[in-house]
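Chemist: what's the 3D shape of this:
(one chain, ligands or ions: 1)
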Amino acid sequence: MEKNFKTFLKHTAKDYYNQSVNPPVVRASTIIFKSMNELRKTQAKGKKNPIGGHFDYGRQGTSTTFILQQMLKKMEECHHVFLTPTGFGSVFLSIFSVVRPGDEILVADPVYYPTRLLTEDFLKSFNIKTIFYDAHNLNSIKKKITAKTKLIYVENPGSNSFEFQDLSKIISIAKKYKLFTAIDNTWATPYFLKPIKLGFDMSIVSATKYYSGHSDVMGGSLAVNKRVFKYVEKANKVTGLRLGPDDAYLIIRGLRTLDVRLDKHQENAKKVANFLDKHKKVKLLYPYKNSSYNFKMWKKYYSGASGLMGLTIKAKNKKSVTKFVNSLRLFGYGYSWGGFESLALQQEFRELGNRKFLRLSKDEHLVRLHIGLEDPKDLIQDLKKSLRYIK
Ligand SMILES: Cc1ncc(COP(=O)(O)O)c(C=O)c1O
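Modeler: Numbers count the residues shown, from 1 in each chain. Take a look at the predicted model:
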């Protein structure tokens, strides 16, 4: 990126033609041309340069989605970015692009539950076998690789249990065995981690979360390197997974303040973590303590941490954990994090799925907090008052 990330987000994509700071929403199903000649010329340009924004049909995009793609491409420092209607659409597209019947895929055990359902359940009926690996025992990966293995799919940190993996180790295993790699980078976004630069083939971000930042848009991005571009482009064409221009506009608007919001989410989360760390029944699942393996792995690759954290709570009485969560007043109860507001969730089977390597000891319960942009003193007060219920 030629400019500093923060400056880039403020100055890119200004529209001097329409004289609007943000580019307008261009809605089109028909991309209209003045002559058949012009239409054919655009198609020829598109064939020559498939990432150049030469559209002849609304499903391919309009100038609004193209501008968002260009912004994300610079942020990710990658070959191209595909946009999908949801983050999960990008998860699906990454796998569907490179995996075929008869293949096997290696998937990190602590993936987002719908990703687990897609891989272990749905793909099974297409004769694609999923093997889950322990995110904290990467040596086990090599033993699981067979001649049929095609892809290593990572999510970092692990969904709800927040394991950080040794990412370059995964990349070097994949290179050695000529496997594709994909990572779900929604937690950090390219503000804190650039997976394509690190060596991943594909990187997913749910734009629903920090990119939009206001809990009112859904979208996804799939950044790719040159190696996988042709596979993803083909799959993207046949699935029709495209983001609409109105959502693209809102994501562009959200991106203007991505850095400011993430800096503040991080600052608030560190203050909350500092408070929670002193509570004897609480163990933090957040890169905060510098003695843990997770902290070392985070430090090795990331330039910062977002606002989503986990806690394990030691309590004989599970209902007391529910009471703790339920009595919070400044935390809403809901799934989609990454907005400006704080959220809490008690984790059950429904959130975690059938994990094979979840490290929870007896009487430990998982809670997830999203630390929003409120005054952290208020959040700490709210937590303090509610933690009293844990027994
Ligand atoms: C890590 C992660 N990846 C992907 C998704 C899916 O994103 P979306 O809700 O935009 O489909 C989520 C949603 O919670 C998520 O947490």
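Chemist: what sits against residue 209?
Modeler: Counting by CB atoms under 8 Å, 6 or more residues apart in numbering, residue 209 touches 87, 186, 336-339. For the C-beta atoms, the positions are set from N, CA and C on the backbone; glycine is no exception.
Chemist: To clarify, my last question referred to residue 329.
Modeler: For residue 329, the set of contacting residues under the criterion of CB under 8 Å, 6+ apart consists of residue 382.
Chemist: how close does the nearest residue to residue 21 once chain neighbours are set aside get to the ligand?
Modeler: Of all residues beyond its chain neighbours, the one nearest residue 21 is residue 14 (5.7 Å), with distances taken as CB to CB, 6 or more residues apart in numbering. With the distance defined as CB to the nearest ligand atom, to the nearest Å, residue 14 ends up 27 Å from the ligand.
Chemist: switch to numbering from 27
Modeler: Understood, numbering begins at 27; the last thing we discussed is residue 40.
Chemist: quick one: contacts for residue 40?
Modeler: For residue 40, the contacting residues are 46-49, taking CB under 8 Å, 6+ apart as the criterion.
Chemist: Tabulate those in JSON lines, adding columns for distance to the ligand and neighbour count.
Modeler: Below are the contacts of residue 40 laid out as JSON lines (distance: CB to the nearest ligand atom, whole Å; neighbours: other CB atoms under 10 Å):
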{"residue": "46", "distance to the ligand": "27", "neighbour count": "10"}
{"residue": "47", "distance to the ligand": "26", "neighbour count": "13"}
{"residue": "48", "distance to the ligand": "22", "neighbour count": "15"}
{"residue": "49", "distance to the ligand": "22", "neighbour count": "23"}
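Chemist: Save those as TSV, and put in secondary structure and pLDDT too.
Modeler: Below are the contacts of residue 40 laid out as TSV (DSSP: H, G, I helix; E, B strand; the rest coil; pLDDT from 0 to 100):
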residue	secondary structure	pLDDT
46	strand	95
47	coil	95
48	coil	95
49	coil	96
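Chemist: How about the helix or strand of the chain with the lowest mean pLDDT and the ligand, touching?
Modeler: With mean pLDDT, DSSP states H and E as the measure, the helix or strand of the chain carrying the lowest mean pLDDT is helix 375-378 (a mean of 80). No. Helix 375-378 is not in contact with the ligand by CB under 6 Å from any ligand atom; minimum separation 10.2 Å.
Chemist: in the next helix or strand after that helix, what's buried?
Modeler: Downstream of helix 375-378, the first helix or strand assigned by DSSP states H and E is strand 390-396. Judged by neighbour count (16 or more other CB atoms under 10 Å), strand 390-396 contains these buried residues: 391-396.
Chemist: And the following helix or strand past strand 390-396, what does it pack against?
Modeler: Once the chain leaves strand 390-396, the next helix or strand it forms, by DSSP H and E, is helix 402-413. Helix 402-413 is packed against helix 284-302, helix 344-352, with contacts defined by 3 or more CB pairs under 8 Å, 6 or more residues apart in numbering; DSSP states H and E.
Chemist: Off-centre distance for the longest one?
Modeler: Its chain's average C-alpha position is 18 Å from that of helix 284-302, according to CA atoms, centre = their mean, to the nearest Å.
Chemist: Up against the ligand, what does the protein have?
Modeler: Remark: the part of the chain in contact with the ligand comprises 112-114, 117, 138, 181, 185, 210, 212, 232, 234, 244, 246, 361-362, using CB under 6 Å from any ligand atom.
Chemist: on that earlier part again, which two among the contacts of residue 40 are spaced furthest apart?
Modeler: 47 and 49 (8.9 Å; CB to CB).
Chemist: That concludes my questions; thank you for your assistance.
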